[in-house]
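**Q** predicted model and sequence follow; I will ask about them next.
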Amino acid sequence: DHRDLHSFPTRRSSDLVIQPWDGNVTIDGSGLGDYSGITIAGGKDYITIKAAGGYSFTVQNFNYSGIYCAATNADKSDYIIVDGITFTNNNTPVNAGHSSGIRFTFVRYGSIQNNTISPLVKGGIHIRRSNNSPTAHFTIADNTLNGAFSSTGYGIGILKFGTYIDITNNTITTSWSSDADNFINGIWAEDSEGTGNDTNTGQNESLSNIVIDGNTVITTNNPLLYSDNGVGIMVMDCHDCVVSDNEVGRWGEDGIEVDDTNITPENSCNVIVERNLVHNIHGKAGGVTGFIELAGDPGDSDDNCDPVIVRNNVVYMDDVSIDSGGRGVRGFGSHSGSRGRAYYYNNTCYNALSSPHRIHCFKFDGFAELILQNNIGYMQDETNAVIGSGITNGGLIMDHNSWYRVDGGNVVSRSGTAYTGAEIEANNLYGDYGEEPAVNHIHTEPLFISAPFNLTLQSGDDRIDAGTDLSSIFTTDKDGTIRPQGSAWDIGAYEYEN
């Protein structure tokens, strides 16, 4: 299990430290033209830029970036640290590629931590072309990014290849100012070019060993007012990557997306999505979007990939101002692929709203292998689980789940044929699909403590001790409680503790 944060190499002391000495420091670029506040040339190593001694360090009003490390593939930089700096920018950026609070290119090791960037403008933190080697390490932690985007950008962007990067405990609170801002994202990690090899280095540019953990990524405006686009957390073509313990809310397209471009060797393999809270995702008009969405063929067995594991996550919809009707929004879902593999264990989906604010808790268009076990879906007037015809015959295992629908309608649809709870209990769900019978499903109303904000089960709920044993795969719930607490596993993201 590679979800723990990485142990990075020991570094020696910096050759150059830039910090306040006997007072607060402000570097102001107002009226100076197209410059960055601090620029580090290529090949410069062991540099620390930090606030110190109780004094503040502010970099503001630059047309390019607050701090820009302009290394190249031929002249890389190592061990650059930015710690405790405040970045503000009231200028209109002149260059979409360079305009960020912090922008690094070809920096192989370093950390960006405890910084405040407001407003985000084009982007907050932008890391590009980290060298693809097992020694590359980077930490982006405990930063605060807020304010309104003025155009396309990222809160935190990892573009092109990189390995051993930890993005942890950052807070991104933002909005966008018009419908023209159609590509706004919280945390975005991808290979970027989609060519298999980087055009500058000729190297495989896939991401690997990326941990995105403990971040808060929320928009403050109503997505209906402006863009349909925007993803809270995107991971694209990533090997051995974890997205865990994040809160993501109110994005226009997807909450968390794992994407696979089907360009070998750039594939999403061995990805774990666990213990996240995702709420009130608007959905892209005319698109297929979701709270936690898989796209392409992640976990593709043809590429010797391990399946994507989605476990112990909670998603809910309760904001009546967000109209998801007709937008194909799903709590947990997939689209575009046919060869991917994904296993969903002990997730909880709750929709407090009826039509037109509806979502499908689980909806899958195509997979070679799909497992649904110990999950809860709670709906008002819509089908809980929609399994499309693209799911390969014999490729579906679905047991020990709880599908509840307030209006008593059909809870599961398989290739256009709908089934009630009673039909599922009679084990005749699958018909001629050649799959295992749907067994041990529960269709009584869940006894949540305080839905949707506390979806822990209360004493006496039918889902307690009713799940299947998955201890060979994992052993804890969303809060870290050991499973099981009773005679058997519980269904849902939380294990009941007496």
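**A** It's in. Residues are numbered from 1 along each chain as shown.

**Q** give me the low-pLDDT residue ranges for the stretch 351-498 of the chain?
**A** Along the stretch 351-498 of the chain, segments meeting pLDDT under 70 span 356-358, 392-394, 422-438.

**Q** over to the stretch 51-200 of the chain?
**A** Per-residue confidence of the stretch 51-200 of the chain (counting by pLDDT under 70) places the weak regions at 90-98, 120-122, 129-136, 147-152, 161, 175-183, 192-200.

**Q** and the strands in it?
**A** Applying DSSP state E, counting those that start in this stretch to the stretch 51-200 of the chain gives strands spanning 57-60, 67-70, 80-83, 86-88, 102-105, 109-113, 116-117, 121-128, 137-141, 144-159, 162-168, 171-176, 184-190.

**Q** for Ala488, which of the ones you listed is the nearest?
**A** Among the strands of the stretch 51-200 of the chain, the nearest to Ala488 by Cβ to Cβ is strand 162-168 (33.9 Å). (C-beta placed from N, C-alpha, C; glycine too.)

**Q** that older thread, okay if I get the strands of the stretch 51-200 of the chain as CSV plus distance to Met317 and mean neighbour count?
**A** Conversion of the strands of the stretch 51-200 of the chain to CSV gives the following (distance: least, Cβ to Cβ, whole Å; neighbours: other Cβ atoms under 10 Å):
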stretch, distance to Met317, mean neighbour count
strand 57-60, 39, 21
strand 67-70, 39, 23
strand 80-83, 38, 22
strand 86-88, 34, 22
strand 102-105, 35, 26
strand 109-113, 34, 23
strand 116-117, 30, 22
strand 121-128, 28, 26
strand 137-141, 30, 22
strand 144-159, 23, 22
strand 162-168, 26, 23
strand 171-176, 20, 22
strand 184-190, 19, 26
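
**Q** just send those back as CSV, with distance to Ser355 too.
**A** Written out in CSV, the entries for the strands of the stretch 51-200 of the chain read as follows (distance: least, Cβ to Cβ, whole Å):
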stretch, distance to Ser355
strand 57-60, 48
strand 67-70, 49
strand 80-83, 48
strand 86-88, 44
strand 102-105, 45
strand 109-113, 45
strand 116-117, 40
strand 121-128, 37
strand 137-141, 41
strand 144-159, 32
strand 162-168, 37
strand 171-176, 27
strand 184-190, 28
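
**Q** tell me which of those strands lies nearest to Asn267.
**A** Judged by Cβ to Cβ, the one of the strands of the stretch 51-200 of the chain that comes nearest to Asn267 is strand 184-190, at 12.6 Å.

**Q** packing partners for the closest one?
**A** strand 144-159, strand 162-168, strand 171-176, strand 207-213, strand 231-236 (3 or more Cβ pairs under 8 Å, 6 or more residues apart in numbering; DSSP states H and E).

**Q** now render the ones you listed as TSV, adding distance to Asp490.
**A** As requested, the helices and strands packed on strand 184-190 are exported to TSV (distance: least, Cβ to Cβ, whole Å):
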stretch	distance to Asp490
strand 144-159	35
strand 162-168	29
strand 171-176	31
strand 207-213	24
strand 231-236	27
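
**Q** which among the strands of the stretch 51-200 of the chain is found nearest to Gly31?
**A** When those are ranked by distance to Gly31, counting by Cβ to Cβ, first place goes to strand 57-60 at 12.3 Å.

**Q** run the chain-centre distance for the closest one.
**A** Once both centres are worked out by Cα atoms, centre = their mean, to the nearest Å, strand 57-60 turns out to sit 30 Å from its chain's centre.

**Q** where exactly do the helices run in this structure?
**A** 421-425 (DSSP state H).

**Q** the strands of the stretch 51-200 of the chain: which one's closest to Ser334?
**A** strand 184-190 (18.2 Å).

**Q** picking that back up, and the strands of the stretch 51-200 of the chain: which comes nearest Cys269?
**A** Each of the strands of the stretch 51-200 of the chain was checked against Cys269 via Cβ to Cβ, and the shortest separation belongs to strand 162-168, namely 13.6 Å.

**Q** helices and strands around that closest one, which ones?
**A** On a contact count with 3+ Cβ pairs under 8 Å, 6+ apart, strand 162-168 meets strand 137-141, strand 144-159, strand 184-190, strand 207-213.

**Q** tell me the buried residues in the last one?
**A** What that stands for is strand 207-213. Neighbour counts over strand 207-213 (16 or more other Cβ atoms under 10 Å) mark Leu207, Ser208, Asn209, Ile210, Val211, Ile212, Asp213 as buried.

**Q** got JSON lines for those, with pLDDT and distance to Ala418 too?
**A** What follows is these, written out as JSON lines (pLDDT from 0 to 100; distance: Cβ to Cβ, whole Å):
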{"residue": "Leu207", "pLDDT": "81", "distance to Ala418": "40"}
{"residue": "Ser208", "pLDDT": "84", "distance to Ala418": "42"}
{"residue": "Asn209", "pLDDT": "88", "distance to Ala418": "42"}
{"residue": "Ile210", "pLDDT": "91", "distance to Ala418": "39"}
{"residue": "Val211", "pLDDT": "95", "distance to Ala418": "40"}
{"residue": "Ile212", "pLDDT": "96", "distance to Ala418": "37"}
{"residue": "Asp213", "pLDDT": "98", "distance to Ala418": "39"}
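
**Q** same list (those residues) but as TSV, adding distance to Gly421.
**A** Putting those into TSV (distance: Cβ to Cβ, whole Å) gives the following:
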residue	distance to Gly421
Leu207	42
Ser208	43
Asn209	43
Ile210	40
Val211	39
Ile212	37
Asp213	37
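
**Q** quick one on the thing from earlier: among the strands of the stretch 51-200 of the chain, which is nearest Asn498?
**A** With Cβ to Cβ as the measure, strand 162-168 is the member of the strands of the stretch 51-200 of the chain nearest Asn498 (33.2 Å).

**Q** sheet-wise, list the partners of the closest one with their directions.
**A** According to DSSP bridges, strand 162-168 has the following sheet partners: strand 137-141 (parallel), strand 207-213 (parallel).

**Q** redo those as JSON lines? Include distance to Ile449.
**A** Listed next are the strands paired with strand 162-168 as JSON lines, based on distance: least, Cβ to Cβ, whole Å:
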{"stretch": "strand 137-141", "distance to Ile449": "32"}
{"stretch": "strand 207-213", "distance to Ile449": "26"}
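
**Q** pLDDT value on the residue nearest to Ser13 when sequence neighbours are not counted, please?
**A** Across the structure, with Cβ to Cβ, 6 or more residues apart in numbering as the measure, the residue nearest Ser13 apart from its sequence neighbours is Tyr46 (7.4 Å). According to the predicted model, the pLDDT of Tyr46 comes to 89.

**Q** quick check: Gly123 touching Ser99?
**A** Yes: with contacts defined as Cβ atoms under 8 Å, Gly123 counts as touching Ser99 at a distance of 6.8 Å.

**Q** which residues are common contacts for the two?
**A** By the contact definition Cβ atoms under 8 Å, 6 or more residues apart in numbering, Gly123 and Ser99 are jointly contacted by Gly153.

**Q** for Tyr68, see how far away the residue nearest to Ser13 is.
**A** Relative to Tyr68, Tyr46 is positioned 18 Å away (criterion: Cβ to Cβ, to the nearest Å).
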